[in-house]
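Chemist: Predicted structure and sequence below. I'll ask about it afterward.
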Amino acid sequence: MESLPMTSAECRAASSALRPKIYNYARLLIQKGVALKPGQELFVSAPIDSVDFVRMVVKAAYEAGARHVTLGWSDDEISRLNYENTPLDFFETFPAWKREQLDGLAAAGACFLWLEGSDPDALRGIDPTKPAAYSLAANTACTIYRESIDFGKLPWCIAGVPTPAWSRKVFPDVSQEEACYRLWSTILSVARADGENPASDWDTHNAVFEKNLRSLNTKHYDALHYQSKNGTDFTLGLTDKHLWEGGAALTTDGVRFFPNMPTEEVFTTPDCRRAEGTVFSALPLSHHGSIVRNFWFRFEGGQVVDFDAEQGKDVLRSILETDDGARRLGECALISKNSPIRETGLLFYSTLFDENASCHLALGKGFPECYEGGLDMSVDELLSCGVNNSATHVDFMIGSDDLTITGISADGSETAIFVNGQWAWE
């Protein structure tokens, strides 16, 4: 039987009942996400519609001993107005004051929390070269900040927060109030923040990651072969010293943090020189406020040599034209179709959530921590070993329900890793 819509009074009562769990979620992001230490600064980037939750986060941070919390607000409507009315060349240079802020916080040893809740359709119809230019300028200007994040010097975390527009996108058939309540309930569930002791639940969750990581790192495959009925037939080479990561990460001075909440993936950086074949998307890609649907890439010699999309081909082109590394891969990630996020049956239109519902690849920058000794190597040294370098990193989902992934060892022997979209040993 189809459920009846909630009344406004029911939505208010249900949302009020969630507030203790929402505050526990805020504490979880501070304690486990960014692992804030007493005396440490915190930078929080958040949509302006999430101000109520941000106040909880700031309170939790000061309770944990934060020295100071700096906020960076975003607003989808203002962002759209800026892109509509400002020439392209403005976005090709990152503002000096923003660079000084981020580099200054990184130099001071701050931790960084990004709260994601953007409207997936916010920039529909906007020239994609403008947000692409802004992203490129930001990633190349803030050298201290980028090095601190990319080379494991500082803890950081990306997490979700409901906003009215995002909630309506995920739950289009109910009222605004009910959509926000439903999205909050879903986020708390898939982020393992709705139990009595979320911090302990994340320790248990991390133990599962460690088991899968031990298996993959012991096998040390030379390549992975992907196949599915949608047309994916793709072989991806791995570097000679690749490492699989997932769950908790460690800074170079030993602080354990969780870069993504939620997270279900184990991942590594492939050899950006070794990719052959075609991969088809399994889910839409939400990128800079635009949606890309039903797309594919064909690789030769590690590079994308052809691509197409039913919707958003211009967005894909803007990604691929970012720089030389944007046509090569920087990540491959494995996620069972039995993950809690996939089991919701929802399309979130958010990479943070959708990438944790499906095996995925990423165009662009690779991870130094996924190459043995990589955190002590320069960008050029990493690149010479097959670890891609780029100013972008864009995940796209390829994990269809019938996906098969075969591990190929250096001696040519083959082992089933994924069968019908799930771990072969599940």
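Modeler: Cool, got the structure.
Chemist: for the helix or strand of the chain with the lowest mean pLDDT, packing partners?
Modeler: Using mean pLDDT, DSSP states H and E, strand 285-287 stands out as the lowest-scoring helix or strand of the chain, at a mean of 89. Contacts defined by 3 or more C-beta pairs under 8 Å, 6 or more residues apart in numbering; DSSP states H and E place strand 285-287 against strand 290-300, helix 313-320, helix 351-354, strand 393-397. Backbone N, C-alpha and C define where each C-beta goes, glycine included.
Chemist: in it, what counts as buried?
Modeler: For strand 285-287, a neighbour-count test (16 or more other C-beta atoms under 10 Å) marks 285-287 as buried.
Chemist: any weak-confidence spans in the stretch 51-200 of the chain?
Modeler: In the predicted model, the stretch 51-200 of the chain carries no residue with pLDDT under 70.
Chemist: And the helices in the stretch 251-400 of the chain, which stretches?
Modeler: 313-320, 340-343, 351-354, 379-384 (DSSP state H, counting those that start in this stretch).
Chemist: And those: which comes nearest Ile30?
Modeler: Closest approach to Ile30 among the helices of the stretch 251-400 of the chain is made by helix 351-354 (17.8 Å; C-beta to C-beta).
Chemist: residues in contact with the closest one?
Modeler: The contact list for helix 351-354 (C-beta atoms under 8 Å, 6 or more residues apart in numbering) reads 116, 158-160, 190, 260, 262, 283-287, 341, 347-348, 395, 397.
Chemist: Which among those residues count as buried?
Modeler: Buried among the contacts of helix 351-354 (16+ other C-beta under 10 Å): 116, 158-160, 190, 260, 262, 283-287, 341, 348, 395, 397.
Chemist: picking up where we left off before, listing partners with orientation, what would you give for the least confident helix or strand of the chain?
Modeler: Paired strands of strand 285-287, with direction, are strand 290-300 (antiparallel) (DSSP bridges).
Chemist: For the partner strand, C-alpha coordinates in PDB please.
Modeler: The C-alpha coordinates for strand 290-300 follow below in PDB (Å, rounded to 0.1, in the frame of the first residue of the first chain):
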ATOM      1  CA  SER A 290      24.900  20.000 -14.100                       C
ATOM      2  CA  ILE A 291      23.800  16.400 -14.700                       C
ATOM      3  CA  VAL A 292      25.400  14.100 -17.200                       C
ATOM      4  CA  ARG A 293      23.400  10.900 -18.100                       C
ATOM      5  CA  ASN A 294      24.100   7.700 -20.000                       C
ATOM      6  CA  PHE A 295      27.700   8.400 -21.000                       C
ATOM      7  CA  TRP A 296      30.800   6.300 -21.900                       C
ATOM      8  CA  PHE A 297      34.500   6.700 -22.400                       C
ATOM      9  CA  ARG A 298      36.800   4.800 -24.700                       C
ATOM     10  CA  PHE A 299      40.500   4.500 -23.600                       C
ATOM     11  CA  GLU A 300      43.600   3.800 -25.500                       C
END
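Chemist: I appreciate the help and will end here.
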